[in-house]
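Asks: Task: produce atomic coordinates for the following.
(one chain, ligands or ions: 1)
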Amino acid sequence: MMLAPTTLATVALTLFASVNAHMKLNTPVPYGKDTLNSSPLADTGDDFPCKQRTGVYDISEMNNIEVGVPQELSFIGSAVHGGGSCQVSVTLDKEPTKNSQWKVVHSIIGGCPSNVTGNLAEDANGNGAAVFQYSLPKGMPNGQYTLGWTWFNKVGNREMYMNCAPITVTGGGNDNSVMEKLPDMFVANIPFETCNIPENFNYQFPNPGDSVETREAADIGTSLSGNCASMTNMGAGAGALGSAGGAVATGGAASPAASAPAATSAVSTPVATSNPGGIFAPGASSAAAAPTSFTTLVVTNTAAAPAAPSSVAAPIGGTGVGTAPAASSTCVPCSNNGAVVCIGTTQFGICDYGCAMPQDLATGTTCSNGTIGKRSIVRRIPPHGIIHRRHAAQKF
Ligand SMILES: [Cu+2]
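Replies: Numbering: from 1, shown residues only. Predicted structure coming up:
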């Protein structure tokens, strides 16, 4: 049976609206502004870095930045998740991959992107979040590079956000010596099942660098949960500035266009999407001892699912909750905590603080308007339980 067009439209609208519920970079102007949504990186880490997608490195507007001159860091959106901690990092790659090495130029502990409790008033296009300042380090090489903003939210689902922006650096130096002294960008929460920053803390980065500000001194956290040795090193990429083929970008070119053209073409191939655990710095010997297990991830999700479907009116085919989700499943952003989210025509998920993990629908059932029903009688009216939960849910 075909789903009615109105039903499909509703599902599409639901998914579209939820995509706008989080936060994204306003300034500097991100790459692919029109294709950048405000949701976090996929929990699998597959779209690390920079939210990989079609058009990920389209240049909407170049950000020309002179070293040492304060720049504005601002955001669009309202779901600030009680704030958290952010970093501004730079890689010398124009089109970063998992091999890219990211160097921290500024760390913000707490209060980023805002120090409100919970979220700002819902406004997908809002600019009520805090505005920050950062500077690029004097002496970094001139050229065209990539800036990355990363954010670990304080409240809600354990997530990592990362938006990237093209930058053309002027007034700088001629080599990488300044960059090499900076700490590597911190990574966690992808996947959160493997390594996460515990909820309700403003994470104190272990190595925030010299340019660091504390916006919210309360609820500072230093602990990590899980198997973090390799994940936290993902910002080091392959362990060298200018990641392509291990070549080190020379930088320092007088003209931005002349900076390492070979590197750009070499890094355009996405690296190892089949290895969501990331590529580890050569020095990260612990990586081998602590392999990231995606079997564990899938099992965890499957085990967690049965609690939610009890609120679903229609039978969904026993406790098995359909077949196991594919290993490639990624979180679908959502805003109604506890609600059923229909995903396409064959899958659904339970919204868990902004994230619904896709699961296959049981045979003979369908999902529409946030309700799972038998294929022959699609329920149009959700049960009271779901309506209540939707309205009562905090939109983290
Ligand atoms: Cu969010």
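Asks: Next, count neighbours for the closest residue to the ion within the stretch 1-150 of the chain.
Replies: Closest residue of the stretch 1-150 of the chain to the ion, C-beta to the ion: His22 (3.2 Å). Where you see a C-beta, it was placed from the backbone N, CA and C, and this is true even at glycine. Neighbour count for His22, taken as other C-beta atoms under 10 Å: 27.
Asks: What is the neighbour count of the closest residue to it other than its chain neighbours?
Replies: Among residues not flanking His22 along the chain, Ser38 sits closest, at 4.0 Å (C-beta to C-beta, 6 or more residues apart in numbering). Ser38 has 22 neighbouring residues, counting by other C-beta under 10 Å.
Asks: for the nearest residue to Cys50 once chain neighbours are set aside, which residues make a bridge with it?
Replies: With C-beta to C-beta, 6+ apart as the criterion, Cys50 has its nearest non-adjacent residue at 3.8 Å, and that residue is Cys164. The partner list for Cys164 in beta bridges (DSSP bridges) reads Gly148.
Asks: so who does Cys164 touch?
Replies: By C-beta atoms under 8 Å, 6 or more residues apart in numbering, the contact list for Cys164 reads Pro30, Tyr31, Pro49, Cys50, Lys51, Val56, Tyr57, Pro96, Thr146, Leu147, Gly148, Trp149.
Asks: cool, Thr170 as well?
Replies: Here Thr170 is in contact with Asn64, Ile65, Glu66, Val67, Asn142 (C-beta under 8 Å, 6+ apart).
Asks: Output those in a markdown table; the columns should cover distance to the ion, secondary structure and neighbour count.
Replies: Below are the contacts of Thr170 laid out as a markdown table (distance: C-beta to the ion, whole Å; DSSP: H, G, I helix; E, B strand; the rest coil; neighbours: other C-beta atoms under 10 Å):
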| residue | distance to the ion | secondary structure | neighbour count |
| --- | --- | --- | --- |
| Asn64 | 30 | strand | 13 |
| Ile65 | 28 | strand | 22 |
| Glu66 | 33 | strand | 15 |
| Val67 | 32 | coil | 19 |
| Asn142 | 36 | coil | 22 |
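Asks: I'd like the residues you listed as a markdown table, with pLDDT appended.
Replies: What follows is the contacts of Thr170, written out as a markdown table (pLDDT from 0 to 100):
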| residue | pLDDT |
| --- | --- |
| Asn64 | 98 |
| Ile65 | 98 |
| Glu66 | 98 |
| Val67 | 98 |
| Asn142 | 97 |
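Asks: quick revisit: spatially, which two of the contacts of Cys164 are the most separated?
Replies: Within those, Tyr57 and Trp149 form the most distant pair, 15.5 Å apart (C-beta to C-beta).
Asks: returning to what we had before: what are the phi and psi values for the residue nearest to His22?
Replies: phi -100, psi 10 (degrees, to the nearest 10).
Asks: shouldn't it be in contact with Asn26?
Replies: No. Using C-beta atoms under 8 Å, Ser38 is not in contact with Asn26; the gap is 10.7 Å.
Asks: and for these two, which residues touch both?
Replies: With C-beta under 8 Å, 6+ apart as the test, Ser38 and Asn26 both reach Ile76.
Asks: All the helices of the chain, in order from the start?
Replies: Applying DSSP state H to the chain gives helices spanning 5-19, 177-180, 261-266, 286-289, 294-304, 384-392.
Asks: ok, now how distant is the residue lying closest to Tyr57 once chain neighbours are set aside from Ile108?
Replies: In space, and not counting its chain neighbours, Tyr57 is closest to Glu95: 4.7 Å by C-beta to C-beta, 6+ apart. Going from Glu95 to Ile108 by C-beta to C-beta, to the nearest Å gives 26 Å.
Asks: Same check on Gly237?
Replies: 22 Å.
Asks: quick one, which of these two is more surrounded?
Replies: Ile108 (29 against 26).
Asks: Specify the beta-bridge partners of that one.
Replies: Residues in beta-bridge contact with Ile108 (DSSP bridges): Cys86, Glu213.
Asks: For it, give me its contacts.
Replies: Ser85, Cys86, Gln87, Phe132, Val212, Glu213, Arg215.
Asks: could you flag which of the residues you listed are buried?
Replies: With neighbours counted by 16 or more other C-beta atoms under 10 Å, the contacts of Ile108 contain buried members at Ser85, Cys86, Gln87, Phe132, Arg215.
Asks: Double-check the third one against Cys112; I have them as touching.
Replies: No. In this structure, Gln87 sits apart from Cys112 without contact. The criterion is C-beta under 8 Å, and the distance is 9.1 Å.
Asks: list the residues that contact both of the two?
Replies: Counting by C-beta under 8 Å, 6+ apart, Gln87 and Cys112 have no common neighbour.
Asks: Tell me who's in contact with Thr117.
Replies: Gly82.
Asks: And it, its phi and psi?
Replies: Note on Thr117: backbone dihedrals following degrees, to the nearest 10 are phi -80, psi 120.
Asks: Need the per-residue pLDDT for it.
Replies: At Thr117, the pLDDT value in this model is 87.
Asks: what's the answer for Thr300, then?
Replies: So Thr300 comes in at 27 (pLDDT).
Asks: residues contacting Leu147?
Replies: Contacts of Leu147 (C-beta under 8 Å, 6+ apart): Pro28, Asn63, Val88, Ser89, Val90, Cys164, Ala165, Pro166, Ile167.
Asks: which residues of the stretch 101-250 of the chain fall in strands?
Replies: Applying DSSP state E, counting those that start in this stretch to the stretch 101-250 of the chain gives strands spanning 103-109, 132-134, 143-153, 161-170, 195-196, 202-203, 212-214, 220-221, 225-226.
Asks: among those strands, which is nearest Thr232?
Replies: Ranking those by distance to Thr232, with C-beta to C-beta as the measure, places strand 195-196 first at 7.0 Å.
Asks: So what are the sheet partners of that closest one and their directions?
Replies: Assessed with DSSP bridges, strand 195-196 is paired to strand 225-226 (antiparallel).
Asks: and Asn37, how many neighbours?
Replies: For Asn37, the neighbour count with other C-beta under 10 Å is 17.
Asks: Poorly predicted segments of the protein, please.
Replies: Residues of the chain meeting the criterion pLDDT under 70: 1-21, 243-338, 345, 351-358, 374-396.
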